[in-house]
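Visitor: Sequence first, predicted coordinates after that:
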Amino acid sequence: MFKTFINALKIKDIRKKLLFTFLMLVVIRIGSQLPVPGVNRDYFSQWFAAQSGDAFSFFDAFTGGSFTRMSIFALNITPYITLSIIMQLLTIAIPKLEEMNKEEDGRKTIASITRYVTVALALIESTAMAIGFGKQGLLDSANFTAINIITIIVAMTAGSAFLMWIGERITENGVGNGISIVLIINIISRLPADIKTLYSQFVSSAANVGKAVVAAVIILAVILFTIVLVVLLNGGVRKIPVQYAKKVQGNRMVGGNNSNIPLRINTAGVMPIIFASSLMQFPVVICSLFGVNEGTGIWFHIIKALQSSYWFNKETPLYSLGLLLYIILCVFFAYFYTSITFNPMLVSDNMKKSGGFIPGIRPGKPTTEYLSNVLNYIIFMGAVGLIIVAVIPFFFNGVFKAEVSFGGTSLIIIVSVVLETMRQIETMMVERNYKGFLDA
């Protein structure tokens, strides 16, 4: 990977794209430090630290700490990600949007709709944050005026729209998917602080050098094991062999070639974890904003069980039942998301029309059933792998109190984006070699 990157720097066109991407990332990190005018940042930092659960940690990790600092990028690109997922689901569910998505002009129209609705969603979220947090102390009584509230709303909405614009510019003029690049730099920006926390908590505070070394080795081993597992999940593919029958076209015999259908082990990517985490954290966030997350009733215990920071805690083992719900949701969303993105019947029909068949399987309904059975097995294996990656940080957090912002979701996103970006760089290098050959 590093050799590919070094070779890419030797090519002028790719070097310019990499430099443009780097400069955009610098702009993002600078903007993440600029505070929203008029807010009390000390209050918000104290309020965030007082939150006992992980309801807002997931969101703050995706914003690169901009949320806790109440910077102009506090919302970051989360509104765009939310709308992109919703539009992707609607594209599958609504036939009109599905037809539009098959045409280039239709895809541009869907992209435009996503942009406008993203700004509207950012406006709604910033309004709720400005008014809700403003009443709780984000703005003192002297500054809690209509002008200051409007200023906060405009600043955060503009910051989210600006990041969306930067993401699109990176896609056009830089390297990789712009939105993914913005997301990954936010997550990576929190890693040094997390590593420092682990070092001070387990290594520097160890009773002697031997225990410090053992703690450091265990931390590195767990991180490397998780990364390797994520790489295997992203790279694992089950190839279904396909043969095409020979047929006569004019005076030629065509067909008879072999191909395959690549089915990824992790067919749904990181979506099951995001859906499951978001669904479980939604009631926690609502209760935190309205100050009803404390008490002794049954609802209080349910809220605690929904938060991963209470799982694997030997003092409150009952709350670990929330992990069972999390696992069920991950498996469910893995099957659900794959079912709307991969249609075995459509694949079977296309194979039949083109004269293709799976060796030993008859075309038509038997092929559809075979693909469905293989897909169900693959989805389950991928979901198990995702759950292992996601649960590892929860385990060490609950047992050893290793509180870090990055988890299985963050690692999956980082590895996936890095691998995809490197593949794109390799493709650009191959295309350049082909152009040079043709020009010669």
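Guide: Perfect, thanks for sending it. Numbering: from 1, shown residues only.
Visitor: Tell me which residues touch E125, please.
Guide: For E125, the contact set (CB atoms under 8 Å, 6 or more residues apart in numbering) comprises L75, P79, M156. Where C-beta positions appear, they are placed from N, C-alpha and C, glycine not excepted.
Visitor: Wasn't the last one part of a helix?
Guide: Yes: if the criterion is DSSP: H, G, I helix; E, B strand; the rest coil, then M156 is within a helix.
Visitor: Residue ranges in the stretch 51-200 of the chain under the pLDDT threshold?
Guide: For the stretch 51-200 of the chain, applying pLDDT under 70 flags the ranges 51-59, 137-143.
Visitor: about what we covered before: can you list the contacts of E125 in TSV and add neighbour count and distance to V331?
Guide: Below are these laid out as TSV (neighbours: other CB atoms under 10 Å; distance: CB to CB, whole Å):
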residue	neighbour count	distance to V331
L75	25	31
P79	24	28
M156	27	36
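Visitor: Can you list the residue ranges for strands in the stretch 151-300 of the chain?
Guide: Secondary structure of the stretch 151-300 of the chain (DSSP state E, counting those that start in this stretch): strands at 237-244, 247-249, 252-254, 258-264.
Visitor: For the last one, buried residues please.
Guide: Neighbour-count burial for strand 258-264 flags I261, L263, R264 (criterion: 16 or more other CB atoms under 10 Å).
Visitor: how near is the last one to A212?
Guide: Think R264. Distance of R264 to A212, given as CB to CB, to the nearest Å: 41 Å.
Visitor: got it, and the first one?
Guide: Distance, I261 to A212, using CB to CB: 51 Å.
Visitor: And for V231?
Guide: 29 Å.
Visitor: mind listing what V231 touches?
Guide: Contacts of V231 (CB under 8 Å, 6+ apart): V415, L419.
Visitor: ok, now with 6 Å
Guide: By CB atoms under 6 Å, 6 or more residues apart in numbering, the residues touching V231 are V415.
Visitor: Run a quick neighbour tally on G210.
Guide: Counted with other CB atoms under 10 Å, residues neighbouring G210 total 9.
Visitor: next one: V374
Guide: For V374, the count of nearby residues is 16 (other CB under 10 Å).
Visitor: Just the local confidence number for it, please.
Guide: What the model reports as pLDDT for V374 is 88.
Visitor: what's the helix or strand for it?
Guide: Assigned by DSSP states H and E, V374 belongs to helix 365-400.
Visitor: from the chain's centre, how far out does that helix sit?
Guide: Distance, stretch centre to chain centre, for helix 365-400: 17 Å (CA atoms, centre = their mean, to the nearest Å).
Visitor: Tell me which other helices or strands it touches.
Guide: Packing partners of helix 365-400 (3 or more CB pairs under 6 Å, 6 or more residues apart in numbering; DSSP states H and E): helix 209-235, helix 321-341, helix 344-353.
Visitor: buried residues in the longest one?
Guide: Buried residues in helix 209-235, counting neighbours by 16+ other CB under 10 Å, are found at A212, A215, I219, T226, L229, V230, L233, N234.
Visitor: Any idea how many residues pack against the closest residue to the first one other than its chain neighbours?
Guide: When you say that, I think you mean A212. The shortest distance from A212 to any non-neighbouring residue, by CB to CB, 6 or more residues apart in numbering, is to A206 (3.8 Å). Using other CB under 10 Å, the number of residues around A206 comes to 15.
Visitor: mind checking how far A206 is from I218?
Guide: 11 Å.
Visitor: Correct me if wrong: G236 contacts L263.
Guide: No: here G236 does not reach L263: they are 9.6 Å apart, not a contact under CB atoms under 6 Å.
Visitor: which one of the helices and strands packed on helix 365-400 lies closest to K10?
Guide: Distance to K10, taken as CB to CB, is lowest for helix 209-235 among those, at 26.5 Å.
Visitor: The closest one versus strand 258-264: what angle between them?
Guide: Using axes from the mean of the first three to the mean of the last three CA atoms, to 10 degrees, the inter-axis angle of helix 209-235 relative to strand 258-264 is 140 degrees.
Visitor: Return the distance of the nearest residue to G382 once chain neighbours are set aside relative to I188.
Guide: Distances taken as CB to CB, 6+ apart put N266 closest to G382, at 4.3 Å, once the chain neighbours are dropped. Relative to I188, N266 is positioned 21 Å away (CB to CB).
Visitor: Also F400?
Guide: In this view, F400 and I188 are 24 Å apart by CB to CB.
Visitor: Then L419?
Guide: Separation of L419 from I188 (CB to CB): 15 Å.
Visitor: Convert the C-alpha atoms of stretch 347-361 to PDB, please.
Guide: Taking C-alpha atoms only, stretch 347-361 is exported to PDB below (Å, rounded to 0.1, in the frame of the first residue of the first chain):
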ATOM      1  CA  VAL A 347     -29.800 -11.800 -11.100                       C
ATOM      2  CA  SER A 348     -31.300 -15.100 -12.000                       C
ATOM      3  CA  ASP A 349     -33.500 -13.600 -14.700                       C
ATOM      4  CA  ASN A 350     -30.600 -11.600 -16.200                       C
ATOM      5  CA  MET A 351     -28.400 -14.800 -16.300                       C
ATOM      6  CA  LYS A 352     -31.200 -16.700 -18.000                       C
ATOM      7  CA  LYS A 353     -31.700 -14.000 -20.700                       C
ATOM      8  CA  SER A 354     -28.000 -13.900 -21.500                       C
ATOM      9  CA  GLY A 355     -27.700 -17.700 -21.600                       C
ATOM     10  CA  GLY A 356     -25.800 -18.100 -18.400                       C
ATOM     11  CA  PHE A 357     -26.200 -20.800 -15.700                       C
ATOM     12  CA  ILE A 358     -24.600 -22.000 -12.500                       C
ATOM     13  CA  PRO A 359     -23.000 -25.400 -13.100                       C
ATOM     14  CA  GLY A 360     -25.300 -28.100 -11.600                       C
ATOM     15  CA  ILE A 361     -28.200 -25.700 -11.000                       C
END
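Visitor: Enumerate the positions of it that are buried.
Guide: Judged by neighbour count using 16+ other CB under 10 Å, the buried positions of stretch 347-361 are V347, S348, M351, G356, F357, I358, I361.
Visitor: what about that stretch, average pLDDT?
Guide: 81.
Visitor: repeat for stretch 6-25
Guide: Mean pLDDT, stretch 6-25: 82.
Visitor: Need the nearest residue in space to S189, chain neighbours excluded.
Guide: Leaving aside its sequence neighbours, S189 sits nearest to G64 (CB to CB, 6+ apart; 4.4 Å).
Visitor: quick one: contacts for that neighbour?
Guide: G64 is in contact with S32, N186, S189, counting by CB under 6 Å, 6+ apart.
Visitor: just those residues now: which is nearest M428?
Guide: For M428, the closest of the contacts of G64 turns out to be N186, at 24.9 Å, with distances computed as CB to CB.
Visitor: Great, nothing more from me.
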